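A.B. asks: sequence first, predicted coordinates after that:
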Amino acid sequence: MIRRWLVVPLSAAALVACGSEETPKFSAWTLDELPAEEGFSLRSPEFTLGAGEESQNCYFVRAPDLNGGQDYFVSRVHIAQNPGTHHLNVFRVKTIEGLDPSAGMPMKLGQYDATLIEGHADFFTNPCWNSANWADWPLVANSQESSLENPYTDWKLPEGVGIRFSPGEMLMVQSHYVNYGAQTTPYGVRVGVNFHRVRGAEPMEMGSLFATQQSIRVCQSTPAASFSGTCRFPRGNVTIEAVNGHFHSRGKKFSVYSWDGVTDTHPSEDAHIYTSNAWDDPPMKTNVGVQAPQGTGVWWDCEYKWTAPTERTCDEVNAKDPQKQGDCCYTFGGNVDVGEHCNLFMYYYPRVESTDVFCN
């Protein structure tokens with residue numbers, strides 16, 4: 001059941017009083033509505049998120065037919081999100097396990113028919129929170145950035161490179177918002193995505209790499225912890241175009257390096273690609289331009305410092321711990337206050353033999 005939908009849209013420029021303090025003004029974001037010859041636009045309905053709440057929604061929509069039944073490409077992904085976003089991920093739906101688009105509530109994403117599975121804060125049982133349900137769904141695009149000053153992520157792909165879409169293929173737009181602690185959502189939840197078409201010659205296809213380190217444990221008795229992961233690219237030489245890392249509020253530093261695909265020693269600083277020290281607004285680095293020869297890959301590190309939960313309790317953290325250690329150990333999971341992540345989002349070209357990369 002959908003909760004808290006607004007009949008009257010939020011006034012993003014309004015001041016909301018809280019005691020003697022006032023919420024800073026936010027100018028509502030705008031994106032052009034793209035005609036079919038230019039691409040397609042998705043818009044989520046707007047709703048409020050109460051103080052101390054968290055929400056993860058899974059929207060399902062089919063890619064529209066913009067090219068007479070033929071595949072088409074996009075060369076620019078323009079995303080806008082109200083402040084408070086934890087992430088926005090777009091995936092291609094493949095194997096359906098527990099997260100079934102047909103089980104969702106009918107709704108609209110802009111002008112397009114869609115369905116919604118509302119995860120809200122039910123991270124223990126709701127299928128929109130269980131990453132195993134999209135384990136083989138290729139990543140299309142993502143953003144974790146939104147601020148009062150700049151609520152946009154405007155990703156322009158390199159010349160001659162594009163993201164392929166097939167008319168009718170099912171997409172999932174997953175939106176995660178948090179309204180407590182250091183990450184707040186005072187202006188309501190609202191996201192939009194514009195996919196701008198490539199016109200003219202068919203470009204080289206962009207591929208994606210989505211990697212997770214799921215063995216993380218950040219415990220009260222050993223508050224400083226670090227974990228690493230590695231992932232190889234498919235056959236052939238590729239160029240890394242874009243990268244961003246993702247963890248929760250215990251995360252202090254996320255680093256990515258080129259890796260030779262063989263050794264188990266940490267790469268040197270000469271191989272460094274990306275660093276983020278922000279868990280709530282991590283940057284996306286584009287136009288990376290790093291070459292990855294055949295057989296090589298990437299190495300990433302996640303460094304943490306244990307802190308107590310903000311809204312939940314250590315009892316809830318312990319209940320989630322598969323080892324039942326009783327040490328308030330944060331383990332892999334989507335809820336910001338009781339779980340942690342060590343996730344790598346990366347994009348490269350050319351996509352090799354219709355292969356996307358998953359490392360879990």
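C.D. replies: Arrived safely, thanks for sending. Given the structure is predicted, the values throughout are model-derived calculations rather than measurements.
A.B. asks: what number of residues lie near A225?
C.D. replies: 18 (other C-beta atoms under 10 Å). C-beta here means a position set from N, CA and C on the backbone, and glycine is covered the same way.
A.B. asks: OK, contacts around it?
C.D. replies: 216-219, 303-304, 306 (C-beta atoms under 8 Å, 6 or more residues apart in numbering).
A.B. asks: switch the cut-off to 7 Å
C.D. replies: 217-218, 304 (C-beta atoms under 7 Å, 6 or more residues apart in numbering).
A.B. asks: redo these as a markdown table? Include secondary structure and neighbour count.
C.D. replies: Shown next, in a markdown table, are the contacts of A225 (DSSP: H, G, I helix; E, B strand; the rest coil; neighbours: other C-beta atoms under 10 Å):
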| residue | secondary structure | neighbour count |
| --- | --- | --- |
| R217 | coil | 18 |
| V218 | strand | 27 |
| Y304 | strand | 25 |
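A.B. asks: can you lay out those as a markdown table showing distance to D65 and pLDDT?
C.D. replies: Converted to a markdown table, these look like this (distance: C-beta to C-beta, whole Å; pLDDT from 0 to 100):
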| residue | distance to D65 | pLDDT |
| --- | --- | --- |
| R217 | 47 | 98 |
| V218 | 46 | 98 |
| Y304 | 46 | 99 |
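A.B. asks: can you list those residues in CSV and add distance to K285?
C.D. replies: Shown next, in CSV, are the contacts of A225 (distance: C-beta to C-beta, whole Å):
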residue, distance to K285
R217, 28
V218, 25
Y304, 21
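A.B. asks: tell me the one of those residues nearest P151?
C.D. replies: Nearest to P151 among the contacts of A225 is Y304, at 28.0 Å by C-beta to C-beta.
A.B. asks: if I look at the closest one, how far off is F227?
C.D. replies: According to C-beta to C-beta, to the nearest Å, Y304 stands 8 Å off from F227.
A.B. asks: centroid-nearest residue for the chain?
C.D. replies: By C-alpha atoms, centre = their mean, the chain has its centre lying nearest to N89, at 3.6 Å.
A.B. asks: ok, which stretches of this protein are helices?
C.D. replies: 314-320 (DSSP state H).
A.B. asks: so, low pLDDT: which residues of it?
C.D. replies: Applying pLDDT under 70 to the chain flags residues 1-22, 354-355, 360.
A.B. asks: okay, now the domains of it?
C.D. replies: Listed domain ranges for the chain are 26-202, 207-359 (source: automatic domain parsing).
A.B. asks: now do the contacts for R217.
C.D. replies: R217 neighbours (C-beta under 7 Å, 6+ apart): 225, 329, 331.
A.B. asks: what do you get if the cut-off is 10 Å, keeping everything else the same?
C.D. replies: Listed by C-beta atoms under 10 Å, 6 or more residues apart in numbering, the contact set of R217 reads 225, 227, 304, 321-323, 325, 327, 329-332, 340.
A.B. asks: kindly report the same for G326.
C.D. replies: Per C-beta under 10 Å, 6+ apart, neighbours of G326: 219-220, 314-315, 317-318.
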